[in-house]
Structures are given as structure tokens and as C-alpha cells.
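In: Dropping a prediction and its sequence here:
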Amino acid sequence: MTNITGTGHLAPMYNIALSNLPGSKEPRYLHGAPTEAMHPTTIIYHGAAVIVVLTSWNGKLCCTACPTLVPRADELADYLVTATGEVQKFLAAGAAAAGR
């Protein structure tokens, strides 16, 4: 195989990675002050264009991504929630049409 990265490693077969980090279902506090946000982190590897880390926390979905490639990661989390709802409606309609 040819080394296309020049680092002695082959490039990954993908350039986007998704990771899920389950968080607390209850609010968290530090010296009595409520936590307002959760910012998960990950290791960025060579060849990755975007790495998205999703964290469920206190009933919210938080998203961290490269700010250069995904400047509004908070909106990405909102879009994922919306898209998931649309898929659930589609699947429910298909099941109803199939008589299940």
C-alpha cells in the first residue's frame, strides 16, 4: 500500500468521526452554582476533517466540533434533534401503513 499522508501511516477511510459520551441526567453544581454547559473533548487525529462529540446532559444534547469546519456546533446538535424526530415520524407512518 502507498503511504499517502507522508507520516508513515495510511489515511483513514473516512474524514468524519462521531462519538457519543453519555452524561448526567441530573443537574450538576459546583460550590452551589449550577453547571450551564458541557463541552466534551476528543483527540483530533491526522486526516480527520470533522470530529463531532455528542453528549447528553441534563436533558440536553451538546455538540463539540472543529470551529473552523463546523462554526456553529450548537446548531448542529439542534439539527440532529430535529432530524431524529423526522425519522421517528417517518418510521411510525411506515409501520402504520404496513398495519403494525
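Out: Cool, the structure landed.
In: just the CA coordinates of the helix or strand bottoming out on mean pLDDT in the chain, formatted as CSV?
Out: Across the helices and strands of the chain, the lowest-confidence element by mean pLDDT, DSSP states H and E is strand 60-64, at a mean of 72. The C-alpha trace of strand 60-64 is given here as CSV (Å, rounded to 0.1, in the frame of the first residue of the first chain):
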residue,chain,number,x,y,z
LYS,A,60,-29.9,18.5,26.5
LEU,A,61,-27.7,17.4,23.6
CYS,A,62,-24.3,19.2,23.5
CYS,A,63,-22.1,19.0,20.4
THR,A,64,-18.4,19.8,20.1
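In: elements contacting it?
Out: On a contact count with 3 or more CB pairs under 8 Å, 6 or more residues apart in numbering; DSSP states H and E, strand 60-64 meets strand 50-57, helix 73-97. For glycine as for every other residue, the C-beta is placed from the backbone atoms N, C-alpha and C.
In: for the ones you listed, which one sits closest to Pro27?
Out: Distance to Pro27, taken as CB to CB, is lowest for strand 50-57 among the helices and strands packed on strand 60-64, at 9.2 Å.
In: circling back: most packed of the helices and strands packed on strand 60-64?
Out: strand 50-57 (a mean of 19; mean count of other CB atoms under 10 Å).
In: From the contact counts, what lies against that strand?
Out: strand 16-22, strand 60-64, helix 73-97.
In: and the longest one, what does it pack onto?
Out: With contacts taken as 3+ CB pairs under 8 Å, 6+ apart, helix 73-97 sits against strand 50-57, strand 60-64.
In: Distance to Leu21 added to the ones you listed, as TSV?
Out: Shown next, in TSV, are the helices and strands packed on helix 73-97 (distance: least, CB to CB, whole Å):
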stretch	distance to Leu21
strand 50-57	5
strand 60-64	9
